[in-house]
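Asker: Sequence plus predicted model, see below.
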Amino acid sequence: MTVETLSALDGAAGGAAAPPAGARQIWRRLRVQRAALAGGVVIVLLVLVALAAPLFAAVEGQDTTTYHSGLLNSAAGAVPYGSFGGVSAQHWLGIEPGTGRDLFARLVYGARTSLGVAIGATVLQVLIGSAFGLAAGLGNRFADGLLSRITDVFVTLPALVFAIALLAVVPSGFPRPVLLALVLGLISWGSIAKIVRVQVLAQKSLDYVAASRLAGSSTWRTARRELLPSLVAPVLTYAAILLPSNITSEAGLSFLGIGVNPPTSSWGQMLSTASTWYQADSAYVLLPAALLFATVLAFTVFADGIRVALDPRAASRLRVGTKRRERVAAVPAGAAADTAAVAVPDAASDDEDGTA
Amino acid sequence: MRHLSLSSRQLGVIAIGLALAGGTVACGPKNGADAKANDGAPHKGGTLYVLNNQPQTNFDPARLYTTGGGNIPGLIYRTLTTRTRANGAAGNKVAPDLATDTGEPSKNATVWTYHLKDGLKYQDGTAITTADIKYDIERSFAPELSGGAPYLRDWLVGAADYQGPYKDPKGLSAIETPDAKTIVFHLNKPEGDFPLLATQTSFAPVPKAKDTGAKYADHPVSSGPYEVVSNENNGEHLVLKRNPEWSAASDSQRKAYPDTIDVQSGLDQAVINQRLSAGVGKDADAVTTDTNLGPAELAKISGDKSLASRVGTGHFGYTDYLAFNPKVKPFDNIKVREAIAYAINRTTVVNAQGGSSLNDPATTFLPTQAAFGYTPYDPFPAGTTGDPAKAKELLKEAGYPHGLTISLTHDTDKGGEQGPEVATAIQEALKLAGITVKLDGEEHNAYEDKVHTVKSEPGAFLAGWGADWPSGGPFLGPIFDGRQIVTDGANFNNAQLNDPAVNSEIDAINKITDLKTAAARWGALDKKIGAQALTVPLYHPVYKRLFGKDIKNVVISDWTGVLDVAQVAVK
């Protein structure tokens, strides 16, 4: 899709003048990508639903924990009476087999768990990964070697197995969603550290960084003033890719029964409970599955849009009319900026291998 | 540790003896066409396939832990007595097998004498003797042949430290064999239940000359209607064929219709149910002895009449309950325990476990079967959905007018009898009574360790209990007998109750050799203990199992709750 999107970008930008800087520029590049926009809208809606979960449940008049035994056919395995898993005016999306708990309420509250854990984990991954990457990139040979090997260890960890082990040893009293975010965040920050390190190494040798150093800036000041701003684009892009993978990781762990504790709902936990019911009450399986699918798709498409909008290559291509286009094409891997940009998709595919 | 506290699925496996087997055997004519042509009555011939989840490991009569002689093991090993192969409650009675009767007690039920029937032979044609039965019992004491039931070590005079015939060839002096057809057991205490114990496979004969120690399981010498053709991977796939030396005239219990029985295990439970419901090819001649229908499978089947007619329903004696440890506050206060008993909503609990077809709500600790001494009672009547108002009242009297917070330990195995679904249902029910329940979910082994270790036993936890034979003794003894509190091992007396009145009543009932009279006394004792609210009985599971299209003569006794492989016909 990248190629098409880029050509679309070329077309949309037309013969526009020099690219505008900052947020406006990003927004202009984002807004021409309809799929990314649709993904963004879905994400905003989901976040709103998660934030206003009590409101939604109150409008429906249900909560997540009340059992409705009267609506279950107890003799037939406690499956809901009625069609589509017991859909009614009171229970908009039906009820859960075995308990009679309201599925709409559990789904909207489940959004809190799923998104909350994923966002928390992503923030943690970005913080740890950036710190490691920055330190490795700026440090001396020894520090770089050490930090890079540590990063390698975390990249090669079988994340799911490790998460299961970690979750199993923590006492059950610890707040589970926080724990999930911590475990996911602490395990899967390796790829982002690698990306940041490569970016830092590439930028470090550029003139403006050298100038800053010659002017007497400390390493920390150089990092803060000169390097960090240039890291925003790749880090943001990669964070947007990490987020949906964190959603699926949370769902996976909950599916395996080591996610949030009952009676808290999460989509993965619902999917897990529903998995045996696919023949007897298929609506029950489809609801969390469809929501998970839509959410992950929305985030992924949106992340791709962000990546395109922030891609320096796209930026260089947009310099049409300056006659630099031909020159850039003639020297494909010339500039250091290009090398760095290439590193982003590479590292991303590494991560997919690691978490698959 | 005297008893197994296993999930009913596991207990079923052990109890029933199971199998392995599957579908690779080529012997036996396929019977599709002639099965349809016949009159519906069972006939001899064909191959029966048993599709199971758990393998029949250590298929040695000294090592098998069975009740009533087991299901698959009972095809190979005949025992002094066995369970009656009949439907329902009639199947809870003990019947003579190798012996002429169920045992002659003397000296206050401390001495039990048995005589063998005439003309009993092994598969090789040699005669079965009482010395061979004594020998197998001695083998079951050998450390290298571990796994069997522990009762005889406690019950036989001077057997506590016996190490088996390999280390100690003199044998057990508590068992006498004055002649080849007589065997006498000397017990160190009265045990009216001895005939029920004598159904276990350690009471099967093993000829000393053919004993190969730990390898005996691969080629055991059969005394039953079938003999082992092959035993692969320690019981994963067993193939059995008819034993020509077995005579129906000497065996009133086993029908033995199929010529061959192929037991394949290690199959996924969903796969077993799928294959049995589809019934394609030889799966039409298949049964399972260890895989129940789950709630979703039941929901699907209940809409399909032809499938529903192929579901066997069994009532194994088992109780799932909420256990209290009164040594932990606030459960030392009986009013708190009573309040919880009132607040429990058995409807939501039963639904959480798959609904009313798979579970009967329980108010008594004893299962609802006469053989156990079932005496209906409900000391804390709260209807089918609980009485939170009454619970609040009791809490106020107990000094908790604003409610209280408790912790409930459960197993995290999903769908299990002590699993999170039941715990969550209880949590929700107690909420209405002002009790906040914090769920303490533990991984299966950690949960078992925690709740069965005196030092770590929590104040409230989910538990389940099934007995090794249908009688009140093995049901109430391990849970409420103060002398069975195990401080350095697996303890099942959750309340750590050591009440001299209860202990002496247990002793008194054990002296009774008339099982009916004893049952009535067990029932009365259960009722008396029930008033102390040391447990809250929740439900008795019901087994629903599919069998193949061509299966005939399905017999399910209350003793095992599972279709009896020795009665099934495929023709």
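Answerer: Perfect, thanks for sending it.
Asker: before we move on, what SS does residue B:565 have?
Answerer: Under DSSP: H, G, I helix; E, B strand; the rest coil, residue B:565 falls in the coil class.
Asker: Quick check: residues of chain A near chain B?
Answerer: A:65-67, A:69, A:72-79, A:97-100, A:168, A:172, A:257-258, A:261-263, A:272-273, A:276-281 (C-beta under 8 Å from any C-beta of the partner chain). Using the backbone N, CA and C atoms, a C-beta is placed for each residue, glycine as well.
Asker: And the helices in the stretch 1-150 of chain A, which stretches?
Answerer: Here the stretch 1-150 of chain A has its helices, by DSSP state H, counting those that start in this stretch, at A:2-13, A:22-31, A:34-51, A:53-60, A:103-138, A:141-156.
Asker: And the pLDDT for the nearest residue to residue B:59 once chain neighbours are set aside?
Answerer: Nearest non-adjacent residue to residue B:59, counting by C-beta to C-beta, 6 or more residues apart in numbering or on different chains: residue B:217, 4.3 Å away. Looking at residue B:217, its pLDDT stands at 92.
Asker: same question, residue A:97
Answerer: 92.
Asker: Same question for residue B:412.
Answerer: pLDDT, residue B:412: 87.
Asker: Domain-wise, how is chain B divided?
Answerer: B:47-258+B:548-567, B:318-543 (the TED database).
Asker: can you redo those as TSV with mean neighbour count?
Answerer: As requested, the domains of chain B are arranged in TSV below (neighbours: other C-beta atoms under 10 Å in any protein chain shown):
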stretch	mean neighbour count
domain B:47-258+B:548-567	21
domain B:318-543	20
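Asker: Residue A:23 is nearest to which of the ones you listed?
Answerer: Minimum separation from residue A:23 across the domains of chain B (C-beta to C-beta) falls at domain B:318-543, 46.3 Å.
Asker: Do the closest one and chain A come into contact?
Answerer: Yes - Domain B:318-543 reaches chain A (C-beta under 8 Å from any C-beta) through B:345, B:347-348, B:350-352, B:354-358, B:385, B:412, B:414-415, B:420-421, B:423-425, B:427-429, B:431, B:439-443.
Asker: how long is that domain end to end?
Answerer: Using C-alpha to C-alpha, to the nearest Å, one end of domain B:318-543 lies 11 Å from the other.
Asker: With stretch B:90-107 instead?
Answerer: Terminal-residue distance, stretch B:90-107 (C-alpha to C-alpha): 29 Å.
Asker: pLDDT on that stretch, on average?
Answerer: 94.
Asker: what distance separates it from the middle of the whole chain?
Answerer: 19 Å (C-alpha atoms, centre = their mean, to the nearest Å).
Asker: for stretch B:352-367, same thing?
Answerer: Its chain's average C-alpha position is 17 Å from that of stretch B:352-367, according to C-alpha atoms, centre = their mean.
Asker: what's the answer for stretch B:136-154, then?
Answerer: With C-alpha atoms, centre = their mean, you get 18 Å for stretch B:136-154.
Asker: Same check on stretch B:139-157?
Answerer: Using C-alpha atoms, centre = their mean, the offset of stretch B:139-157 from its chain centre is 18 Å.
Asker: go on, stretch A:176-190?
Answerer: Centre-to-centre, stretch A:176-190 and its host chain are 13 Å apart (C-alpha atoms, centre = their mean).
Asker: Which of the residues in that stretch are classified as buried?
Answerer: For stretch A:176-190, a neighbour-count test (16 or more other C-beta atoms under 10 Å in any protein chain shown) marks A:176-177, A:179-190 as buried.
Asker: looking at chain A, which residue lies furthest from center?
Answerer: residue A:75 (43.4 Å; C-alpha atoms, centre = their mean).
Asker: so for stretch B:539-548, what's the average pLDDT?
Answerer: 95.
Asker: so what's residue 49 scoring on pLDDT?
Answerer: Since you didn't name a chain, this refers to chain A. 92.
Asker: my question was about chain B
Answerer: Reading off the confidence values, residue B:49 has pLDDT 97.
Asker: wait, it sits on residue B:286?
Answerer: Yes - if you go by C-beta atoms under 8 Å, residue B:49 and residue B:286 touch, sitting 4.0 Å apart.
Asker: Between these two, which contacts overlap?
Answerer: Taking C-beta atoms under 8 Å, 6 or more residues apart in numbering or on different chains as the criterion, residue B:49 and residue B:286 both touch residue B:548.
Asker: For the stretch 201-350 of chain B, which segments count as strands?
Answerer: Secondary structure of the stretch 201-350 of chain B (DSSP state E, counting those that start in this stretch): strands at B:226-232, B:237-242, B:260-264, B:286-287, B:311-314, B:318-324.
Asker: Rebuild those as a markdown table, extending it with distance to residue B:277.
Answerer: A markdown table is the format used below for the strands of the stretch 201-350 of chain B (distance: least, C-beta to C-beta, whole Å):
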| stretch | distance to residue B:277 |
| --- | --- |
| strand B:226-232 | 27 |
| strand B:237-242 | 23 |
| strand B:260-264 | 17 |
| strand B:286-287 | 11 |
| strand B:311-314 | 10 |
| strand B:318-324 | 25 |
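Asker: Nearest approach to residue A:235 belongs to which of those strands?
Answerer: strand B:318-324 (51.7 Å).
Asker: ok, the closest residue to residue B:91 other than its chain neighbours - contacts?
Answerer: Nearest non-adjacent residue to residue B:91, counting by C-beta to C-beta, 6+ apart: residue B:557, 2.2 Å away. Contact analysis of residue B:557 by C-beta under 8 Å, 6+ apart lists B:68, B:83-88, B:90-92, B:314, B:564.
Asker: Let me see the confidence value for residue B:557.
Answerer: 93.
Asker: Now it: phi and psi?
Answerer: phi -90, psi 160 (degrees, to the nearest 10).
Asker: Quick check: it vs residue B:544, distance?
Answerer: Distance of residue B:557 to residue B:544, computed by C-beta to C-beta, to the nearest Å: 16 Å.
Asker: cool, residue A:218 as well?
Answerer: 74 Å.
Asker: For chain A, which segments count as strands?
Answerer: A:72-73, A:79-80 (DSSP state E).
Asker: Pull up the pairing partners for the first one, direction included.
Answerer: Pointing back at strand A:72-73 there. Applying DSSP bridges, strand A:72-73 is found paired with strand A:79-80 (antiparallel).
Asker: Could you give the number of residues near whichever residue of the stretch 151-300 of chain A sits closest to chain B?
Answerer: Nearest residue of the stretch 151-300 of chain A to chain B: residue A:280, at 3.6 Å (C-beta to the nearest C-beta). Residue A:280 has 24 neighbours, counted by other C-beta atoms under 10 Å in any protein chain shown.
Asker: ok, residue B:166 touching residue B:144?
Answerer: Yes - with contact defined as C-beta under 8 Å, residue B:166 and residue B:144 form a contacting pair (7.1 Å).
Asker: which residues do those two both contact?
Answerer: residue B:213.
Asker: Distance from the chain centre to stretch B:134-149, please.
Answerer: Centroid separation between stretch B:134-149 and its chain, computed with C-alpha atoms, centre = their mean, is 20 Å.
Asker: For it, measure first residue to last.
Answerer: Start-to-end span of stretch B:134-149 (C-alpha to C-alpha) is 16 Å.
Asker: what's in contact with it?
Answerer: Contacts for stretch B:134-149 (C-beta under 8 Å, 6+ apart): B:58, B:60-66, B:152-153, B:159, B:162-167, B:171-172, B:175, B:177, B:183, B:197, B:200-208, B:211, B:213-214, B:468.
Asker: before we move on, the earlier item: mind putting the contacts of residue B:557 in CSV, secondary structure and distance to residue B:483 included?
Answerer: Converted to CSV, the contacts of residue B:557 look like this (DSSP: H, G, I helix; E, B strand; the rest coil; distance: C-beta to C-beta, whole Å):
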residue, secondary structure, distance to residue B:483
B:68, coil, 27
B:83, strand, 28
B:84, coil, 32
B:85, coil, 35
B:86, coil, 35
B:87, coil, 37
B:88, strand, 34
B:90, helix, 34
B:91, helix, 32
B:92, helix, 27
B:314, strand, 33
B:564, coil, 36
